[in-house]
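Undergrad: Kindly return the folded structure for what I paste below:
(one chain, ligands or ions: 2)
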Amino acid sequence: MTDTTMSSVQPHWSSRLMFIFAASGSAVGLGNIWKFPYIVGENGGGAFVLLYLACLIGLGAPLLIGEVFVGRKGGAYPASAFIKVALAKGRTRAWGGLGALGATIALLILAFYSVVSGWVGIYAADFAVAAMGGEAARSGADAFSAMLADPVAQLVAVSLILLVAGTVIYYDVTGGIQEVMRYVAPFFAILLVAMLLMVAGTTGKFVDAFVYMFRPDFSALSAAAFGEALGHAFFTLSVGMCGMLIYGAYLDDGANIPRLGFAVAALDTGIAIAAALIIFPIVFAFDLEQGAGPGLLFIALPKGFTLLPYGNLFGLSFFVATFLAAFSSLIALLIIARHWIEESTPLSGSGATLLTVGVTWVSGTIVTLSLNMWDHLTLFGLGLLDFFDELTSAWLLPASGLGMALFVARAVVPDMQDGPLKSYLNICLSYIAPIGILLLIASKFIDF
Ligand code: PFF
Ligand code: NA
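TA: Ligands and ions are numbered 1, 2, ... in the order given. As a prediction, the model looks like this:
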């Protein structure tokens with residue numbers, strides 16, 4: 001079976017472990033380390049974690065598995081992959097629109113993901129200087145506002161990151177992303193375990209954090225919390241954007257896709273919980289604000305680091321790990337845009353890479369300037385960064401998730417072997433996903 005529209009010989013991951021490295025590299029990112037702990041903090045801890053886990057099992061994981069199947073059957077170019085699978089099942093080419101939607105979402109996310117990755121890079125550099133005995137690292141609300149007010153540092157950070165990330169995606173999935181993730185994934189894992197041990201050993205608050213994370217306070221739940229949990233389940237697993245579709249295209253025919261999908265979903269959740277178990281003990285030990293929102297990572301936590309023994313080294317490890325997580329998600333987002341540009345314009349390799357990086361650089365610059373020089377710039381009453389975040393997580397991702405669920409339930413699941421797995425995917429994709437997503441959309445218009 002050859003794909004006549006794109007290259008006829010599809011390269012493969014050098015091993016299935018490399019798929020796990022790349023796919024969990026895509027999944028694990030700012031969503032786990034920056035967003036998850038603060039939305040848990042804002043929504044009352046354990047009850048929200050349970051709600052999120054329900055969304056993950058009922059919708060996130062089944063969609064992740066579905067997307068990977070579409071990629072393996074349809075190839076590594078999002079719109080063409082949907083079209084190919086649709087036509088083979090006697091359905092309309094219009095399903096190709098899901099590829100365009102996914103790539104559009106990826107480009108919108110890149111506009112703020114690149115900027116926040118830049119902040120993480122700036123903090124990592126600061127802690128590196130501090131750890132080597134230089135100036136004190138950034139900490140506290142003033143330092144954070146000072147960074148936001150300074151467009152130059154942020155623009156330098158975004159530009160450097162995009163230069164490196166652009167080089168990686170120029171070499172495509174197996175030549176670029178795989179070769180980077182081969183080293184980044186194990187290094188990240190080592191940093192994470194080392195930090196968990198350090199936190200458990202130095203703060204004395206590990207158990208408190210554990211209780212906070214897992215003791216459910218159901219009174220803190222609301223329709224809004226459900227929306228947030230659902231949107232986050234998509235965002236954190238990188239589903240609905242065709243990134244998993246692309247990585248799935250490089251799997252061999254013998255790969256057990258459901259098992260790989262569950263492994264990636266479990267790793268993503270495990271790492272989000274590990275990140276929270278690193279962050280909250282520090283927050284509790286120094287009485288820092290737990291519902292600090294987006295500032296948790298950039299204001300509360302760095303202040304905690306400066307109070308810990310070996311705090312500069314700790315801060316450096318933390319921001320380097322976070323940076324690696326963000327970077328491996330950034331290259332996943334960029335490759336979606338590159339592949340989509342390749343299939344929908346005459347551009348190929350270097351041209352498509354340049355256009356992808358160029359568009360991201362421009363949108364990242366606009367978002368950066370909206371934080372300082374152009375701070376009157378708002379859309380629907382939100383600053384640009386929040387607007388892009390809200391537009392993608394709260395609206396576009398659920399919409400594309402709904403489309404993908406319906407497609408996979410019709411065009412992929414019927415071909416599967418009968419058994420519990422097929423029933424699970426069927427129930428989740430045909431019933432739970434559409435009902436859950438429609439409820440979510442309704443909850444935006446009606447106050448329950
Ligand atoms: N899953 C990433 C996170 O949790 O930060 C975000 C993301 C990366 C979304 C890559 C989509 C994607 F293709
Ligand atoms: Na994630």
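Undergrad: In this structure, where is pLDDT below threshold?
TA: Scanning the chain for pLDDT under 70 picks out the ranges 1-9, 290-293, 447-448.
Undergrad: how about the residues of it that lie near ligand 1?
TA: 26-27, 29-32, 106, 109, 235-236, 238, 241, 243, 329, 332-333, 336 (CB under 6 Å from any ligand atom). C-betas here are computed from N, CA, C, even on glycine.
Undergrad: Okay, and which of these map to helices?
TA: Judged by DSSP state H, helices contain the following of the residues of the chain next to ligand 1: Ser26, Ala27, Leu30, Ala106, Ile109, Phe235, Thr236, Gly243, Ser329, Ala332, Leu333, Ile336.
Undergrad: Among those, which one sits closest to ligand 2?
TA: Ranked by distance to ligand 2 (CB to the ion), these are led by Thr236 at 3.3 Å.
Undergrad: Please name the nearest non-neighbouring residue to the residue in the stretch 251-400 of the chain positioned nearest to ligand 1.
TA: Residue nearest to ligand 1 within the stretch 251-400 of the chain (CB to the nearest ligand atom): Ser329, separated by 3.6 Å. Nearest residue to Ser329 in three dimensions, chain neighbours excluded: Gly29, at 3.2 Å (CB to CB, 6 or more residues apart in numbering).
Undergrad: Contacts only, for the one you found.
TA: By CB atoms under 8 Å, 6 or more residues apart in numbering, Gly29 lies in contact with Tyr113, Ala325, Ala326, Ser328, Ser329, Leu330.
Undergrad: Kindly report the same for Gly227.
TA: Here Gly227 is in contact with Ala394, Leu440, Ser443, Lys444 (CB under 8 Å, 6+ apart).
Undergrad: Just the buried residues out of those residues, in PyMOL syntax.
TA: Here is the PyMOL command that selects only those of the contacts of Gly227 that count as buried (16 or more other CB atoms under 10 Å):
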select buried, resi 394+440+443
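Undergrad: Export the contacts of Gly227 as a markdown table, with columns for secondary structure.
TA: Compiled in a markdown table, those are given as follows (DSSP: H, G, I helix; E, B strand; the rest coil):
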| residue | secondary structure |
| --- | --- |
| Ala394 | helix |
| Leu440 | helix |
| Ser443 | helix |
| Lys444 | helix |
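Undergrad: Greatest separation within the contacts of Gly227: which pair is it?
TA: By the measure CB to CB, Ala394 and Ser443 form the most distant pair in those, at 10.5 Å.
Undergrad: how many neighbours does the closest residue to ligand 1 within the stretch 101-250 of the chain have?
TA: Using CB to the nearest ligand atom, the closest approach of the stretch 101-250 of the chain to ligand 1 is made by Gly243 at 3.1 Å. When neighbours are defined as other CB atoms under 10 Å, Gly243 has 30 of them.
Undergrad: Give me the nearest residue to it, chain neighbours excluded.
TA: Per CB to CB, 6+ apart, closest to Gly243 is Ala332, 4.7 Å.
Undergrad: For the one you found, grab the count of nearby residues.
TA: Residues near Ala332, counting by other CB under 10 Å: 26.
Undergrad: what separates it from Ala255, distance-wise?
TA: Ala332 sits at a distance of 19 Å from Ala255 (criterion: CB to CB, to the nearest Å).
Undergrad: Same question for Ala124.
TA: 35 Å.
Undergrad: Look at the two and report which has more neighbours.
TA: Neighbours per residue (other CB under 10 Å) separate Ala124 from Ala255, with Ala124 holding more: 22 against 17.
Undergrad: where's the closest residue to the more buried one other than its chain neighbours, which helix or strand?
TA: Of all residues not flanking Ala124 in the chain, Phe319 sits nearest, at 3.8 Å (CB to CB, 6+ apart). For Phe319, the host element (DSSP states H and E) is helix 311-344.
Undergrad: how far is that helix from where the chain is centred?
TA: 9 Å (CA atoms, centre = their mean, to the nearest Å).
Undergrad: go on, stretch 371-386?
TA: 23 Å.
Undergrad: Now do it: distance from first to last residue.
TA: 11 Å (CA to CA, to the nearest Å).
Undergrad: What lies in contact with it?
TA: Contact partners of stretch 371-386, identified using CB under 8 Å, 6+ apart, comprise 111-112, 115-116, 148-151, 154, 366-367, 369-370, 387, 390.
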